[in-house]
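[1] kindly return the folded structure for what I paste below:
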Amino acid sequence: MFLTKLNDHQRQWLRDDAGAPVKRAMADEDLCHLRDLESLLRDPSWHPAAIPMAAKRCIVTRNTRKVRRLRRWWLARMTGKTNQHDRHAGAPVDIHPVYGDDAAADDDPCSAAEADTEAIAGAEPAEADNIVAETQVLSWNINAVIRATGDCGFLVPLLSTIHVACLQEVTCAALEWLSDALGDDFYVASPQTLRGQAWPLEEHSVAIVYDKRRFHFLGSQVCVLDTRQERCVFLLRLRCLRSGTTLLVATTHLESGACEPADLRAQQLTYTLRLLEAASEEAVLLAGDLNIRDWEARHAGIGDDGGNKWFDAWHVAGAEKALASTGKIRFDRILLRRSGALEPISGGFFTVSYTHSTLTTKRIV
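    Have a look, this model is predicted:
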């Protein structure tokens, strides 16, 4: 038997006297690197050999459950690509150099969020009270327009002026097209791209587009509804880089057509609202194609104007009837949870344009 001396990186594999693994908490910086790596792994165009040095250090020197999952994922992506012995059999791949300096890059969203947080924390009280963040939100079921026009070109000029967009009946082709057309300033997230969820049989899903210059991504979640049509609630957790406000954005496309049981859609909406009402974020937003009738809205507790717990975008914007309905029924809603952390400014939160509701919220830090 030979005694060996373990270095700091190997000590994580030790077990205590009771046989339990010795656990060490990961630094916030390393967690940020792992989140960035997970985003890269979900990008089919990214070459795994271009893994950032900081992320590679994390998956080599740590052994948490998340690290093991990302390490297996990265190795699977490397399979069939290239290594020191085998040639890459496919098309040439451009790999940007990765340097050993762990200093945060200028365009690193994690460092940007920290910088904004420090700036807000260091502001004088009078100055901090005047910091506001305006967020314009769009909700749109885009399927009918895509069928009429053949592509998503109508969305690009509109989304370039919006900070958060909740889209319904989005196809895989539409997701890819939007990701390319919007460029690096926007991220197009869906249950399929972020959570690995399979596409529904009808090949339509939901998506949330957000401006990466305005928001820092914190996390995502998919909640499957009691459904006959593979419907779900998709949630994104964001932090405003200017004000520091945490925002939970949720979108859904509730059951279409006749339901069995008859109140299924009302049950889906009630479940969704209770889920969001329990969220810890300072601002909570639900925007989607709810397909609801008046009696279903009353059953879920939001009525026509949002009820006691929610602001309804259309009502706060002035309830202009010409902009109210899809056909003769207001299927689509934008709802903002009532909270003491949010205050109406200049008469309200909301503005309306393009015959679709957009939401402007201002939050005093």
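[2] residue ranges with poor pLDDT in the stretch 201-350 of the chain?
    322-328, 339-350 (pLDDT under 70).
[3] one more time with 50, if that's ok
    Along the stretch 201-350 of the chain, the model assigns pLDDT under 50 to residues 343-350.
[4] which residues in it form strands?
    For the stretch 201-350 of the chain, the strands defined by DSSP state E, counting those that start in this stretch cover 205-211, 215-224, 232-240, 246-252, 283-289, 310-312, 332-337, 350-353.
[5] dump these to a markdown table, plus distance to residue 157 and mean neighbour count.
    Using the backbone N, CA and C atoms, a C-beta is placed for each residue, glycine as well. Listed next are the strands of the stretch 201-350 of the chain as a markdown table, based on distance: least, C-beta to C-beta, whole Å; neighbours: other C-beta atoms under 10 Å:
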| stretch | distance to residue 157 | mean neighbour count |
| --- | --- | --- |
| strand 205-211 | 13 | 24 |
| strand 215-224 | 20 | 17 |
| strand 232-240 | 23 | 23 |
| strand 246-252 | 21 | 23 |
| strand 283-289 | 20 | 26 |
| strand 310-312 | 27 | 23 |
| strand 332-337 | 21 | 23 |
| strand 350-353 | 13 | 18 |
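[6] could those strands go into CSV alongside distance to residue 142?
    Formatted as CSV, the strands of the stretch 201-350 of the chain follow (distance: least, C-beta to C-beta, whole Å):
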stretch, distance to residue 142
strand 205-211, 9
strand 215-224, 20
strand 232-240, 15
strand 246-252, 12
strand 283-289, 10
strand 310-312, 22
strand 332-337, 12
strand 350-353, 17
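[7] to residue 68, which of those lies closest?
    Residue 68 lies closest to strand 215-224 among the strands of the stretch 201-350 of the chain, at 19.5 Å (C-beta to C-beta).
[8] neighbours around the spatially closest residue to residue 259 that is not a sequence neighbour, how many?
    Once flanking residues are discounted, residue 259 sits nearest to residue 265: 5.3 Å by C-beta to C-beta, 6 or more residues apart in numbering. The number of residues packed near residue 265 is 26, by other C-beta atoms under 10 Å.
[9] show me the helices in this protein, by range?
    28-41, 53-61, 65-78, 109-121, 125-129, 143-149, 155-159, 172-182, 191-195, 264-277, 294-300, 313-316 (DSSP state H).
[10] of all those, which lies closest to residue 332?
    helix 313-316 (9.1 Å).
[11] so which elements touch the closest one?
    strand 332-337, strand 350-353, strand 356-362 (3 or more C-beta pairs under 8 Å, 6 or more residues apart in numbering; DSSP states H and E).
[12] hmm, try it at 7 Å
    Counting by 3 or more C-beta pairs under 7 Å, 6 or more residues apart in numbering; DSSP states H and E, the packing neighbours recorded for helix 313-316 are strand 356-362.
[13] coming back round to it: rebuild the helices of the chain as TSV, extending it with distance to residue 336.
    Converted to TSV, the helices of the chain look like this (distance: least, C-beta to C-beta, whole Å):
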stretch	distance to residue 336
helix 28-41	27
helix 53-61	36
helix 65-78	32
helix 109-121	22
helix 125-129	22
helix 143-149	25
helix 155-159	20
helix 172-182	25
helix 191-195	23
helix 264-277	10
helix 294-300	16
helix 313-316	7
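[14] great, nothing more from me.
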